[in-house]
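Student: next input, structure requested:
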Amino acid sequence: MKRFFLLLIICFVGVQIFALTDNVDNTSLHNKALGGPHSAMVKGFDSFFNNPALLSEYDEHFSIAKLDFNLKGDALSLINLYLGGSLSLDDPSGIIQTLTDEELTRILFGLTLPGPISIGYIGNNWGWSVKNTTDVYLDIPSLIREITLIAREDLQFAVGISFPIPVYTTDSFFIRISPGIMSRTTIRGEMKIDNDLLGLIGTVSDIDNIMDTYPIYLSPIFGLDGGFLVNFNDIISLSGVVKDIYTPILKYPVTTFDDALNVFTNSGDTSGALLHREINFGLAGDIPLGPLSLVVNDLDVYFDYFDLLLFDKNPWLHLGMGVDINLLGKFHLLAGFNEGLLALGLNVELKGFNIGFSMYGTEESPQPGMRPTFNFLLSTGISF
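Tutor: Residues are numbered from 1 along each chain as shown. Presented below is the predicted three-dimensional model:
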């Protein structure tokens with residue numbers, strides 16, 4: 001019983017603002033700690049997913065593996081209630097009463113686990129990557145209304161290329177424009193459960209027969225991104241990117257092993273859609289430090305405006321800013337601001353291995369300060 005309840009707590013998760021969308025998320029330490037997926041940021045292997053034009057700015061880079069743990073929402077409050085004995089599956093109605101007493105009547109939690117697969121190479125203005133991501137999401141708008149639970153696994157293959165074009169070059173100054181393009185193919189398995197809270201507890205308890213009622217949807221997703229970067233002497237960079245220029249998704253229901261074998265030949269109840277197109281613009285600066293460079297190796301700043309065409313959200317929530325202070329070439333102090341909330345983080349880069357964490361906020365509503373949530377990310381990776 002305890003094992004089941006801990007599983008239920010882990011399921012209390014959400015990975016996007018408002019809801020888990022069909023778009024493939026690029027969760028990384030730098031994106032969260034520095035205030036967003038900056039389109040002019042070259043930090044870690046995963047940054048080229050923010051903008052394929054960045055491939056022209058990388059030195060040769062290999063990724064071997066990574067494992068991140070990204071927890072969002074009030075899951076810790078729920079775990080504390082359980083460990084304190086206030087929640088018990090032996091009394092399902094008591095769960096509702098306890099959550100009501102604790103004012104946990106609107107629950108939205110998320111867990112994202114990027115990895116452990118994260119294999120790829122970047123060099124000579126091109127790159128490729130194979131990686132997986134696990135997501136679980138639970139949205140409880142009310143303890144007496146229908147709730148939504150989604151479990152998802154993505155396996156993504158991406159390949160991109162950038163074309164650096166010198167515009168102006170002297171002995172001490174250069175301007176370079178780099179357009180870039182990236183193709184992404186994702187195979188997704190997803191299960192979605194809509195039920196009330198007590199019904200969800202019963203459904204998850206009968207895990208062996210769950211597919212009789214709720215099928216797994218297998219989805220191929222073919223994405224295309226395009227962007228540009230203008231580099232002024234490695235000091236200032238201007239950038240722009242269109243993510244999911246044209247990205248269709250098809251969902252094939254699977255309830256048996258035979259369905260899985262014939263998933264792409266049997267139409268069944270197949271559904272399809274186009275993913276949301278996102279347009280971002282950014283500015284990055286590498287600030288010269290003079291004598292301070294003996295201790296502070298780099299001071300990088302970032303400023304972006306995200307999702308230009310999303311008009312139903314306050315413009316303030318589209319802004320993202322970040323500062324990365326590199327101490328002694330090993331320690332990165334990270335700070336950011338996104339969706340009207342602060343972010344802080346630390347990353348330690350050792351030879352072939354990095355570990356870091358971030359605490360950051362996200363705004364769940366379309367207006368600043370209406371429903372902020374605070375989240376935690378622990379990141380590890382092996383790369384060269």
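
Student: what's the neighbour count on the residue nearest to Phe48 when sequence neighbours are not counted?
Tutor: Distances taken as Cβ to Cβ, 6 or more residues apart in numbering place Leu54 nearest to Phe48, at 4.9 Å, with adjacent residues excluded. C-beta coordinates here come from the backbone N, C-alpha and C atoms, glycine included. As a burial measure, Leu54 scores 29 neighbours (other Cβ atoms under 10 Å).

Student: wasn't Leu54 part of a strand?
Tutor: No: per DSSP: H, G, I helix; E, B strand; the rest coil, Leu54 lies outside any strand segment and is helix.

Student: so it makes contact with Asn231?
Tutor: No: at 10.2 Å, Leu54 does not count as touching Asn231 under the criterion of Cβ atoms under 8 Å.

Student: the residue nearest to Phe48: what's it in contact with?
Tutor: Going by Cβ atoms under 8 Å, 6 or more residues apart in numbering, Leu54 touches Ser39, Ala40, Met41, Val42, Ser47, Phe48, Ser162, Gly180, Gly227, Leu229, Ser239.

Student: and the residues you listed, which is closest to Ala273?
Tutor: Using Cβ to Cβ, Gly227 comes nearest to Ala273 of the contacts of Leu54, at 23.5 Å.

Student: measure that closest one to Ile117 for me?
Tutor: 25 Å (Cβ to Cβ, to the nearest Å).

Student: and for Leu294?
Tutor: 40 Å.

Student: which one of the two is surrounded by more residues?
Tutor: Between Leu294 and Ile117, Ile117 has the larger neighbour count (other Cβ under 10 Å), namely 15 against 9.

Student: can you tell me the closest non-neighbouring residue to that one?
Tutor: Asn132 (4.3 Å).

Student: isn't that neighbour right next to Ile119, touching?
Tutor: No: applying Cβ under 8 Å, one finds Asn132 not in contact with Ile119, separated by 10.1 Å.

Student: just how off-centre is the strand or helix carrying the residue nearest to Ile117 within its chain?
Tutor: Assigned by DSSP states H and E, Asn132 belongs to strand 126-140. Relative to its chain's centre, strand 126-140 lies at 7 Å (Cα atoms, centre = their mean, to the nearest Å).

Student: now the following helix or strand past it - C-alpha only, CSV.
Tutor: Once strand 126-140 ends, the next helix or strand along the chain (criterion: DSSP H and E) is strand 147-162. Only the C-alpha atoms of strand 147-162 are listed here, as CSV (Å, rounded to 0.1, in the frame of the first residue of the first chain):
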residue,chain,number,x,y,z
ILE,A,147,-9.0,15.1,-13.2
THR,A,148,-6.4,14.3,-15.9
LEU,A,149,-3.4,12.0,-15.5
ILE,A,150,-0.9,11.7,-18.4
ALA,A,151,2.2,9.4,-18.5
ARG,A,152,4.5,9.9,-21.5
GLU,A,153,7.8,8.6,-22.9
ASP,A,154,9.6,10.3,-25.8
LEU,A,155,12.5,8.9,-27.8
GLN,A,156,13.9,11.7,-30.1
PHE,A,157,16.4,11.7,-32.9
ALA,A,158,17.6,15.1,-34.1
VAL,A,159,20.1,16.3,-36.7
GLY,A,160,20.9,19.9,-37.6
ILE,A,161,23.4,22.0,-39.5
SER,A,162,24.4,25.6,-39.5
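
Student: which other helices and strands does strand 147-162 contact?
Tutor: Helices and strands touching strand 147-162, as assessed by 3 or more Cβ pairs under 8 Å, 6 or more residues apart in numbering; DSSP states H and E, comprise strand 126-140, strand 174-195, helix 197-205.
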